[in-house]
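Asker: from the sequence below, what's the structure:
(2 chains)
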2 protein chains.
Amino acid sequence: AAAVAASGGFPLAELALRRVLRESARDKTIFLHGQVGSGSGDGTDAVVILEKTPFQKGNVSELLKKHTKLQLQMSNDIYSTYSLYLPPELNEIKTTVVYPATDKHIQKYLHREVYLIQETGDDYKNITLPFIQSQSFSVQWVYNILEKKAEADRIIYENPDSANGFVLIPDFKWDQKQLDDLYLIAICHCRGIKSLRDLTAEHLPLLRSILKEGKEAVVKRFAIAGTQLRVYLHYLPSYYHLHVHFTALNYDAPGCCVERAHLLSDVIDNLELDSLYYQKRTLTFALRADEPLLKKFREAGRV
Amino acid sequence: AAAVAASGGFPLAELALRRVLRESARDKTIFLHGQVGSGSGDGTDAVVILEKTPFQKGNVSELLKKHTKLQLQMSNDIYSTYSLYLPPELNEIKTTVVYPATDKHIQKYLHREVYLIQETGDDYKNITLPFIQSQSFSVQWVYNILEKKAEADRIIYENPDSANGFVLIPDFKWDQKQLDDLYLIAICHCRGIKSLRDLTAEHLPLLRSILKEGKEAVVKRFAIAGTQLRVYLHYLPSYYHLHVHFTALNYDAPGCCVERAHLLSDVIDNLELDSLYYQKRTLTFALRADEPLLKKFREAGRV
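Answerer: You can find the predicted model right below:
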């Protein structure tokens, strides 16, 4: 605990668990809502995300040798299963903390039913856009990156051009310890492009530079070929400053599903076909039951 | 090690690692090929599968309190990430052993690299179509379903029209024990539509009937609303007789990724826009290193 305090860390052992917000048995993740300092009256909310880390090729031999216990569970012919126990340092857990957390953060991670929306161009203008504008989501943390006020040492590549440039940076979700789950984000320098819906043919140079230079930077830094990358945008995005996801093709990344991801190469083809493609086109996305935007679509009789 | 031997266990610490067969960063699994007793000449093959276990709601509070170390990795505004270390007994690893293993077991788990193909309309005509025709994949099992010679009792819904009709049936991957991973397939009665590439505006009535009647049948039979379904085609498909996938939107189904799935509603929109859309359009898909079609694309200098 002393080491933690010295490093400006979070008082995890003193966190009072309020509830489990969500969990995924497949991903081995759990999302928690807890409070710090709740012993003396009202505590401060925190969201804590725990995720078991992927195995690393480099230390798997060591891991087999240094296990503390191997306990037989089941045996049948040539097949058997065990519980294996490892020293803590060989089996770490990635922990993400949002602290202090607002109710919005807590709601964001809470599990809910999901509904598919078919958003026409008019729906975007009449429902989604006014909603985004009314929320005034902060993207200060994005500007911090673009201005080198935060995470400057994490930048993989930058094209500094104010119109067609971007910063390529590891996504928070990637611990960078193995390439199998490589996850990078290209954030464009140009401000004011909220999402796919704002893109027209005038953005083609920007999009082409992200696709071409982003792939080249990944080859150079990680020796992963462009044909082994999935490069795409989210719609809806999680924040309204244009950014592009780069993930390892082999990695079944969260959010690469057909109802959220749009391949950058398809986006470029569509804008070449019709500059107003993304203004007119019906776009499909999923909304959780608690999302205020779903209520807006319901009120408009559109779901 | 003594305790292990006593329980009839596998000598894990003495396993000589031969290679990593496969790993999944998302699932937190790794598949190993190793040998036992290789010190004294030829060893005996084993496949060892390690999988991190899901978190349990019941002990997550204990886990937060009993951690051995919390090490700060990154901090930006209200967000921070850490490496968390736990006592071994709170962080077990599920281990599956196949021992002795044959070469067939080893091949089964071996990973193959995956490459992204950008198939233009011409590539389809010059490379993919001749390949499909040369393979003469059998779809007899599909005809058996359409003719009620097999699986007739599994049919959820049928529109018997020879041009615009289809059969809706549970996919093999779904055990039908819970609705969370609902997975149905609509197989069209019309023969000769190999894939997305063959679709034109003349197929719009067929596609609209699958989308509309398929959803209605799911509501009626399973009480799942159309807005909670993901309805899509695969390109490349796994067999060349047109079929449409219906999966629960909450279920992260295999093959619903952006580089393989095409939402039926988007397909309909695109054909309304341009009857020849899927003849002209560049389509993106992934091929494994051992697939013969990849070799054809390589020979043509297209990957």
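
Asker: quick one, what contacts the closest residue to chain B within the stretch 51-200 of chain A?
Answerer: Using Cβ to the nearest Cβ, the point where the stretch 51-200 of chain A gets nearest to chain B is residue A:181, with a distance of 3.2 Å. Placement of C-beta: from N, CA and C, glycine included. Contact partners of residue A:181, counting by Cβ atoms under 8 Å, 6 or more residues apart in numbering or on different chains, are A:54, A:174, A:247, A:248, A:251, A:253, B:25, B:26.

Asker: and the two most separated of those residues?
Answerer: A:54 and A:247 (13.8 Å; Cβ to Cβ).

Asker: the residue nearest to residue A:66 when sequence neighbours are not counted: neighbouring residues, count only.
Answerer: Spatial nearest neighbour of residue A:66, chain neighbours left out: residue A:87 (5.8 Å); criterion: Cβ to Cβ, 6 or more residues apart in numbering or on different chains. Using other Cβ atoms under 10 Å in any protein chain shown as the criterion, residue A:87 is surrounded by 15 other residues.

Asker: show me the contacts for residue A:87.
Answerer: Under the criterion of Cβ under 8 Å, 6+ apart, the contact list for residue A:87 reads A:66, A:68, B:88.

Asker: give the contact list for the residue nearest to the last one when sequence neighbours are not counted.
Answerer: Of all residues not flanking residue B:88 in the chain, residue A:85 sits nearest, at 3.7 Å (Cβ to Cβ, 6+ apart). For residue A:85, the residues meeting the contact criterion (Cβ under 8 Å, 6+ apart) are A:67, A:68, A:69, A:70, A:71, B:88, B:89, B:91, B:92, B:93.

Asker: the first one is in contact with residue B:12, isn't it?
Answerer: Yes - taking contact to mean Cβ atoms under 8 Å, the distance of 6.5 Å between residue A:67 and residue B:12 places them in contact.

Asker: joint contacts of these two?
Answerer: Common neighbours of residue A:67 and residue B:12 (Cβ under 8 Å, 6+ apart) are residue A:84.

Asker: partners of the strand or helix carrying residue A:31, with directions?
Answerer: Secondary-structure assignment from DSSP states H and E places residue A:31 in strand A:29-36. Strands adjacent to strand A:29-36 in the sheet, as given by DSSP bridges, are strand A:16-24 (antiparallel), strand A:44-52 (antiparallel).

Asker: which other residues reach the last one?
Answerer: By Cβ under 8 Å, 6+ apart, the list of residues contacting strand A:44-52 from outside reads A:10, A:12, A:15, A:21, A:27-37, A:93-103, A:105-106, A:109, B:28, B:52-53, B:55, B:60, B:63-64, B:84, B:91.

Asker: and those, which of them are buried?
Answerer: Taking 16 or more other Cβ atoms under 10 Å in any protein chain shown as the criterion, what is buried in the contacts of strand A:44-52 is A:10, A:12, A:15, A:21, A:27-36, A:93-99, A:101, A:105-106, A:109, B:28, B:52, B:55, B:60, B:63-64, B:84, B:91.

Asker: looking at the strands paired with strand A:29-36, which one is packed in the most?
Answerer: When neighbours are counted by mean count of other Cβ atoms under 10 Å in any protein chain shown, the highest per-stretch mean among those falls to strand A:44-52, a mean of 21.

Asker: the very next helix or strand once past it: how far from the chain's middle?
Answerer: Reading on from strand A:44-52 to the C-terminus, the next helix or strand found by DSSP H and E is helix A:60-65. When C-alpha coordinates are averaged (Cα atoms, centre = their mean, to the nearest Å), helix A:60-65 and its chain have centres 31 Å apart.

Asker: average pLDDT across helix A:60-65?
Answerer: Here the mean pLDDT over helix A:60-65 is 93, rounded to a whole number.

Asker: likewise stretch A:249-267?
Answerer: Average pLDDT, stretch A:249-267: 95.

Asker: next, the buried residues of that stretch.
Answerer: Of the residues in stretch A:249-267, those with enough neighbours to count as buried (16+ other Cβ under 10 Å) are A:249-253, A:255-267.

Asker: now, which of those residues lie within strands?
Answerer: A:261, A:262, A:263 (DSSP state E).
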